[in-house]
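Colleague: need a 3D model of the sequence below.
(one chain, ligands or ions: 1)
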Amino acid sequence: MLTLLAGMLLDIDHIFANPIFDPNRCSIGFHPLHSYVLIPVYFGLAFWKKTRLLGLALVIHIFADTVDCLFIGF
Ligand SMILES: [Zn+2]
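Modeller: Numbering: from 1, shown residues only. You can find the predicted model right below:
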């Protein structure tokens, strides 16, 4: 449940962006919850037993967005 909420939290980040979806924009570093400063924090959560699922959900979301970034321009 917490995992789902974490994933949704980052999706809210996308919803507040204008426009909501821009295929030419890289989400990483653009949205406040996708900043380079927070990514190591998400990895930290994934490595800490108690917050592992929460952290994994966040890391997976960041990873998916990163893959999107890599394909910009193709
Ligand atoms: Zn995202």
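
Colleague: Ile28: which element?
Modeller: Of the helices and strands defined by DSSP states H and E, none includes Ile28.

Colleague: would you mind confirming that it makes contact with Asp65?
Modeller: Yes - the pair Ile28 and Asp65 passes the contact test of CB atoms under 8 Å, sitting 5.5 Å apart. To be clear about C-beta, it is placed using only N, CA and C from the backbone, and glycine gets the same treatment.

Colleague: the ion versus the residue nearest the centre of the chain, what's the distance?
Modeller: In the chain, the centroid-proximal residue (CA atoms, centre = their mean) is Ile62; its distance is 3.3 Å. Distance check for Ile62 against the ion: by CB to the ion, to the nearest Å, it reads 7 Å.

Colleague: same question for Leu45.
Modeller: Separation of Leu45 from the ion (CB to the ion) stands at 16 Å.

Colleague: ok, for that residue, nearest residue in space, not its chain neighbours?
Modeller: Gly55 (2.9 Å; CB to CB, 6 or more residues apart in numbering).

Colleague: between Ile28 and Asp65, which one's more packed in?
Modeller: The neighbour comparison of Ile28 against Asp65 (other CB atoms under 10 Å) goes to Asp65, with 19 against 16.

Colleague: on that earlier part again, which neighbours do Ile28 and Asp65 have in common?
Modeller: The contact sets of Ile28 and Asp65 overlap at His34 (CB atoms under 8 Å, 6 or more residues apart in numbering).

Colleague: which positions in this protein make contact with the ion?
Modeller: 10, 27, 65 (CB under 5 Å from the ion).

Colleague: list the buried ones in the helix or strand the last one falls within?
Modeller: When elements are assigned from DSSP H and E, Asp65 belongs to helix 52-70. Using 16 or more other CB atoms under 10 Å as the burial criterion, the residues of helix 52-70 that qualify are 53-62, 65.

Colleague: surely Gly44 and Gly55 touch.
Modeller: Yes - checked against CB under 8 Å, the pair Gly44 and Gly55 is within contact range at 7.0 Å.
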